[in-house]
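Novice: From the sequence below, what's the structure:
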Amino acid sequence: MTGAVHGGDRRANAYDALVMPVVQTATYTFGRTEDLVSFMEGKVERVDYGRYGNPTVRALEQRIAFLEGAQDAAAFASGMAALVTTILSLVKAGTHVVLTDDCYRRTRRFVTRFLTRFGVQHTVVPGDDLGAIEAAFRPETRLMIGELPTNPFLKVMDLPAVGSLCRSRGIKLLVDSTFATPINLQPLRHGADLVVHSATKYLSGHNDVLCGVIAGDESLVSLVREARHDMGGVLDPHAAFLVLRGLKTVALRVRQQNASAQALATWLEQHPHVRRVWYPGLASHPDHARAERIMSGFGGVVTFETAGDETATTHMVDACRIPRIAPSLGGVESLIEQPALMSYFDVDPSERELLGIRGTLVRYAVGVEDVEDLRADLERALAAVFGQRSG
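Specialist: Numbers count the residues shown, from 1 in each chain. Presented below is the predicted three-dimensional model:
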C-alpha cells in the first residue's frame, strides 16, 4: 500500500533527510519575543513544549489519519493511554457507557471498575446481539465501545448496524481495531466515530516499541488531544520514529500474516487433535459472512482448542520451537500463549469458564515466517504430546 509508505508526508524534511528525523527535544525556542507573542496569539502554528507536540510524532499521526481515512489522529505512549484519554474526553459524571463483553479486558476493567468511582455508569452487552445493544442505550448514553476482531475468539460485530444505531441516538462509537489494522478494515467507513489502535502490535510490527493512536473527525481528535495535554500520556519521538518505520511495511506484513493464518487455521481445523478453531476466514466461524462483508483480510491471529486437557496443552505449547511464549501479537515473530495462563491468569476460574477461556485454549499470533515451517513445527508439537497424526 503506497499510503503506508508516503501517506501524510510533507516531502521536505529537515536537512533534506529522506526519512522523517527524530526531533529529540523537550522544549522549543523563539528567536524573538515578538515571535513568542505571535504564537501565543494564535497567529503562528507551532509548539513551545514537548507535551503539546513534536514533529516526528505529528508525522506519525498524519500517516495514521491517512491510512484510516480520518481527518486527524493523535498518538500516545501506549494503547491504553490512547483509550483511557479518549474515554475520559467523552464522558462525565452522570453519563452512561455501553461496551461489549468481549472487548479488551483492560478496557472493560477501566470502565467497570475505575469510571464508576466518578459517577459514570455502564452496561456490558454481547457484541453479537444487536437487540441487546439497542436495549442497553439510555437517554444519558454518550459512548459505545466495541472491538473487532475480538480477543481471543475473533468475533466480528455488525459494525454498520451498530454504527447506524449509535448515529440515530447521538452516541459516539469508539472501535478498537488493533487486530484488524487499517489494511484489513477501516472502521470509520462503516459507522465508527473514532478508531483506536495499540500501535505496539501490527502498526509497529517488530515487538520493540509501545504506542497507541486514535483517529477520527478533527473535532473529536482535538478534544482528545487537549486532554492529552493535561494528562500527559505523550509519545516519545523515538518511539514515533520506530512506528513510522514499521508502518512502511505494514501492508506487506499483514497480507503475509493473513495468508499464513488462513492456511494454519484451515489445516488445524482438520487435525484430529484439535477440538475447534476460531478464525474469521473459516466458514465455520459464526461471524464469517459478516467479516467477509466489511473486512479485506481476516488477520494474523488463530485461536484453537486442543483435544487434550490443560496439562497436555501446556506440553504442546512448550514443544513448539518457532513461536515464543509471550503476550502481544502483530510482530514479525510468531507468538503463542494459553490465555488462561497469561492474559486471564488473575481472573477467577469460574469467570474464565463463563468467558470460554479454558486451559485447553491456545492463541497463536502468526508472524512472517514461512507458513510451511510454522505448520511443520505445530505438527511436530502436537505429535509429541498426542501421538502421530491419524487419518
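Novice: Only C-alpha atoms from now on, for both contacts and neighbour counts.
Specialist: Will do.
Novice: Give me the neighbour count for residue 122.
Specialist: Per other CA atoms under 10 Å, the neighbour tally for residue 122 reads 22.
Novice: check contacts around the closest residue to it other than its chain neighbours.
Specialist: For residue 122, ignoring the flanking residues on the chain, the nearest one in space by CA to CA, 6 or more residues apart in numbering is residue 97 at 4.6 Å. Listed by CA atoms under 8 Å, 6 or more residues apart in numbering, the contact partners of residue 97 are 111, 120-123, 141-145.
Novice: The stretch 1-150 of the chain: strands as residue ranges?
Specialist: Using DSSP state E, counting those that start in this stretch, the strands assigned to the stretch 1-150 of the chain run over residues 72-76, 96-100, 121-125, 141-147.
Novice: Surely residue 121 touches residue 92?
Specialist: No - assessed by CA atoms under 8 Å, residue 121 is found out of contact with residue 92, at 9.7 Å.
Novice: quick one, which of these two is more surrounded?
Specialist: Using other CA under 10 Å as the criterion, residue 121 and residue 92 rank with residue 121 on top: 20 against 15.
Novice: Show me what counts as buried in the lengthiest helix in the chain.
Specialist: As assigned by DSSP state H, the longest helix anywhere in the chain is helix 250-269. For helix 250-269, the neighbour count (16 or more other CA atoms under 10 Å) marks 250-251, 253-266, 268-269 as buried.
Novice: which sections of this structure are below the confidence cut-off?
Specialist: Residues of the chain that meet the criterion pLDDT under 70 lie in 1, 3-12, 15, 388-391.
Novice: at 90 instead, please
Specialist: Along the chain, segments meeting pLDDT under 90 span 1-23, 44-47, 49, 102, 105, 128, 340-357, 387-391.
Novice: rewinding a little: so what secondary structure elements neighbour the longest helix of the chain?
Specialist: The helices and strands touching helix 250-269, judged by 3 or more CA pairs under 8 Å, 6 or more residues apart in numbering; DSSP states H and E, are helix 181-184, strand 274-278, strand 301-306, helix 371-386.
Novice: tilt between the second one and strand 301-306?
Specialist: With axes from the mean of the first three to the mean of the last three CA atoms, to 10 degrees applied, the angle from strand 274-278 to strand 301-306 works out at 160 degrees.
Novice: Report all helices and strands that strand 274-278 contacts.
Specialist: helix 250-269, strand 301-306.
Novice: Which helix or strand contains the residue nearest to the spatial centre of the chain?
Specialist: Nearest residue to the geometric centre of the chain (CA atoms, centre = their mean): residue 178, 1.7 Å. Using DSSP states H and E, residue 178 maps to neither a helix nor a strand.
Novice: Contacts only, for it.
Specialist: By CA under 8 Å, 6+ apart, the residues touching residue 178 are 148, 196-199, 201-202.
Novice: Can you report how many residues neighbour residue 202?
Specialist: Residues lying near residue 202 (other CA under 10 Å) number 33.
Novice: Identify the residue spatially nearest to it, adjacent ones excluded.
Specialist: Nearest in space to residue 202, with sequence neighbours left out and distances taken as CA to CA, 6+ apart, is residue 330 at 4.1 Å.
Novice: could you dump the helices and strands packed on strand 274-278 to CSV with distance to residue 134?
Specialist: Formatted as CSV, the helices and strands packed on strand 274-278 follow (distance: least, CA to CA, whole Å):
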stretch, distance to residue 134
helix 250-269, 33
strand 301-306, 29
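Novice: Quick one: closest of the ones you listed to residue 102.
Specialist: Closest approach to residue 102 among those (CA to CA): strand 301-306, 14.5 Å.
Novice: Pull up the pairing partners for that closest one, direction included.
Specialist: Strand 301-306 has its sheet partners listed here by DSSP bridges as strand 274-278 (antiparallel), strand 361-365 (antiparallel).
Novice: which other helices and strands contact the helix or strand following it?
Specialist: Note on strand 301-306: by DSSP H and E, the next helix or strand toward the C-terminus is helix 310-319. Contact partners of helix 310-319 among helices and strands, from 3+ CA pairs under 8 Å, 6+ apart: helix 371-386.
Novice: The helix it packs on versus strand 274-278: what angle between them?
Specialist: Orientation of helix 371-386 against strand 274-278 (the same axes, to 10 degrees) gives an angle of 140 degrees.
Novice: ok now do the closest residue in space to residue 172 that isn't next to it in sequence, which residues does it touch?
Specialist: Using CA to CA, 6+ apart and skipping the chain neighbours, the partner closest in space to residue 172 is residue 143 (4.9 Å). The contact partners of residue 143, by CA under 8 Å, 6+ apart, come to 90-91, 96-98, 171-174.
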